[in-house]
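Enquirer: below is the structure, and that's it, no one-letter string:
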């Protein structure tokens, strides 16, 4: 693979020789490349016939579902609403009961929820 006896001077001499011998493409190759380029340019510039899109029959009335979907914002918005609804049902069914266990495990019992919300007794005292 490599010759361990070569030093940097010999390698630099090989690189210099490779840089000196610059390979130029032949005139026949350049002519074929230019012919292909001209053919591709002519094909790209030629107008392409566009087939008309079929138009759905417009009756003037839209169905109830079409009106509701359009009011929401289309099918992507309806998919988002459906996803949020299913997620809400899942949270409502599963319940956040395990959240207290999770926070107690992570945070420990250094404070309780009553420490976060002060009572109103201090504000209601007269005197």
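Expert: Received it, and whenever you're ready, just let me know what you need. Since the structure is predicted, the reported quantities are computational estimates derived from the model, not experimental observations. Numbers count the residues shown, from 1 in each chain.

Enquirer: immediately after the lowest-mean-pLDDT helix or strand in the chain, which helix or strand?
Expert: Lowest by mean pLDDT, DSSP states H and E among the helices and strands of the chain is helix 113-116, with a mean of 61. Using DSSP states H and E, the helix or strand that follows helix 113-116 in sequence is helix 121-124.

Enquirer: that following helix - what's its average pLDDT?
Expert: Helix 121-124 comes out with an average pLDDT of 72.

Enquirer: ok, stretch 10-23 next?
Expert: What stretch 10-23 shows for mean pLDDT is 85.

Enquirer: buried sites along that stretch?
Expert: Within stretch 10-23, no residue is scored as buried using 16 or more other Cβ atoms under 10 Å. For glycine as for every other residue, the C-beta is placed from the backbone atoms N, C-alpha and C.

Enquirer: now the helices for this structure?
Expert: 8-20, 27-45, 64-72, 75-94, 97-107, 113-116, 121-124 (DSSP state H).

Enquirer: so which residues make contact with the third one?
Expert: The set of residues that contact helix 64-72 without belonging to it, under Cβ atoms under 8 Å, 6 or more residues apart in numbering, is 62, 75, 78, 81.

Enquirer: and the residue nearest in space to the middle of the chain, how far from residue 66?
Expert: Centroid-nearest residue in the chain: residue 76, 16.1 Å away (criterion: Cα atoms, centre = their mean). The gap separating residue 76 from residue 66 is 15 Å, by Cβ to Cβ, to the nearest Å.
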